[in-house]
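A.B. asks: This is the structure alone, sequence omitted:
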């Protein structure tokens, strides 16, 4: 029994010795470049009217602005659009791993009402007692990016976790382009049947899109 265990251990060790040089050789064949990996969350408001725009060509006025789908699905809104803020930027050697963690602290001020009660049970007065607490939020991002060379996509293995979402995936992404890799949130309801007016078509529903971009640095 001991001899068989020894033979199994020696076989596993020999396999590991063979795999290690193979992995090192594969990594050495990658172009020696640095990759810039960027992550951002994008809020995407959507209404039932927008989903029915191509079908009806009508417009619905809602609290979020006038939604007017025209022609080939063009949406016009009174709400200004701003470039989404990049949440993480990581520089990593080709084929290697990187990790970022963002911890934010937000002070919260609360007020507690304290009553002054006499021995006979009567309330003689009240005063406000301010209290300061802290809300802590943690966001983490792990990534491994591998680029074989010209005219190829970048293979990205990533995991993202915050107070609301936990995601993990491996995808091939075109270099230099923002790509939506995940969506969370409540989808907009189906639009009312054609010829039917409904206030639900004006309700806004927000989806969060997780977008990644990988750039090959010179």
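C.D. replies: In hand now; what should we look at? Values in this document were obtained by computation on a predicted structure and should not be read as measured data.
A.B. asks: what's next to the host helix or strand of residue 155, contact-wise?
C.D. replies: Using DSSP states H and E, residue 155 sits in strand 154-161. Residues external to strand 154-161 that are found in contact with it (C-beta atoms under 8 Å, 6 or more residues apart in numbering): 35, 37, 39, 139-147, 166-175, 181-182, 210, 212, 214, 216. Yep, even glycine has a C-beta here, placed from its N, CA and C like the rest.
A.B. asks: hmm, which of those residues are the buried ones?
C.D. replies: By neighbour count, with 16 or more other C-beta atoms under 10 Å, the contacts of strand 154-161 hold 35, 37, 39, 139, 141-147, 173, 175, 181-182, 210, 212, 214, 216 as buried.
A.B. asks: which residues in this structure form strands?
C.D. replies: Counting by DSSP state E, the chain has strands at residues 34-46, 60-62, 65-67, 88-93, 97-117, 123-147, 154-161, 166-173, 179-185, 205-216.
A.B. asks: Could you name the helices and strands sitting against the last one?
C.D. replies: Strand 205-216 is packed against strand 34-46, strand 123-147, strand 154-161, strand 166-173, strand 179-185, with contacts defined by 3 or more C-beta pairs under 8 Å, 6 or more residues apart in numbering; DSSP states H and E.
A.B. asks: likewise the first one?
C.D. replies: In terms of contacts (3+ C-beta pairs under 8 Å, 6+ apart), strand 34-46 is packed against strand 88-93, strand 123-147, strand 154-161, strand 205-216.
A.B. asks: partners of that strand in the sheet?
C.D. replies: Sheet pairing for strand 34-46, assigned by DSSP bridges, gives strand 88-93 (antiparallel), strand 205-216 (antiparallel).
A.B. asks: okay, these, which one's buried deepest?
C.D. replies: Among the strands paired with strand 34-46, ranked by average contacts under mean count of other C-beta atoms under 10 Å, first place goes to strand 205-216 (a mean of 18).
A.B. asks: now that strand: mean pLDDT?
C.D. replies: If you average the pLDDT over strand 205-216, you get 88.
A.B. asks: okay, the angle between that strand and strand 123-147?
C.D. replies: 40 degrees (axes from the mean of the first three to the mean of the last three C-alpha atoms, to 10 degrees).
A.B. asks: low-scoring stretches of the protein, by residue?
C.D. replies: Where the chain drops to pLDDT under 70, the residues are 1-28, 45-82, 185-205.
A.B. asks: Let's see that with 90 instead.
C.D. replies: 1-29, 41-88, 101-139, 150-151, 162-166, 182-209, 218 (pLDDT under 90).
A.B. asks: any chance of the helices and strands packed on strand 34-46 in a markdown table, with distance to residue 109 too?
C.D. replies: Shown next, in a markdown table, are those (distance: least, C-beta to C-beta, whole Å):
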| stretch | distance to residue 109 |
| --- | --- |
| strand 88-93 | 30 |
| strand 123-147 | 6 |
| strand 154-161 | 29 |
| strand 205-216 | 28 |
